[in-house]
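Asker: After the sequence you'll find the predicted model.
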Amino acid sequence: MKNGSITVADVTATVDGWIVAHLDEGGKPGKVIGHTAVKAGDNKNVAIKLEEAVPAGGKLWPMLHIDAGTIGTYEFPGADAPVVVNGNVVMKQISITGRRADIVAEHRRRERAARPAAQRAGAAAGGRVPDAADTPTRVSILR
């Protein structure tokens, strides 16, 4: 994820439509949090601006929808239904990745928030309170 968007490397559509980002809800597509128009044919590096943040490691379902209602207006639920091929919706579950620095910063922010109040107060008063953020942290990034 970069600048609140995800990029789908390649979308091939037989008609004009939409590539839609659905949140993962229990291993299935759920709430729509972003969409971008695609043209019939091959579409490369399609960016979908997300309406809400998804943390690194979170899962999304990019799904292909048709543009069947008012052309150029995303209407789902409604006329712009998911594309189905051979009984299967055209979609794929993905895991969100981020830059290592962003992931480490978020990890350290969570560690600081979890510290006891006395440690946070000492650090806020200018005292240096050693904690887990002072040690190197190893972060695995999904690719």
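Answerer: Yep, it's here.
Asker: these two touch, right, Val20 and Pro62?
Answerer: Yes. Checked against CB atoms under 8 Å, the pair Val20 and Pro62 is within contact range at 7.1 Å. To be clear about C-beta, it is placed using only N, CA and C from the backbone, and glycine gets the same treatment.
Asker: what do the two both touch?
Answerer: Ile48 (CB atoms under 8 Å, 6 or more residues apart in numbering).
Asker: Would you quantify the distance from Thr7 to Lys28?
Answerer: Per CB to CB, to the nearest Å, Thr7 is found 23 Å from Lys28.
Asker: An error on my part: the question was meant for Ala81.
Answerer: From Ala81 across to Lys28, the span is 16 Å (CB to CB).
Asker: Look at the two and report which has more neighbours.
Answerer: Taking neighbours as other CB atoms under 10 Å, Ala81 and Lys28 compare with Ala81 leading, 15 against 11.
Asker: dump the residue contacts of the more buried one.
Answerer: Contacts of Ala81 by CB under 8 Å, 6+ apart are 65-66, 68.
Asker: Look up how far Ile71 lies from it.
Answerer: Distance, Ala81 to Ile71, by CB to CB: 15 Å.
Asker: How confident was the prediction at Thr137?
Answerer: On pLDDT, Thr137 comes in at 30.
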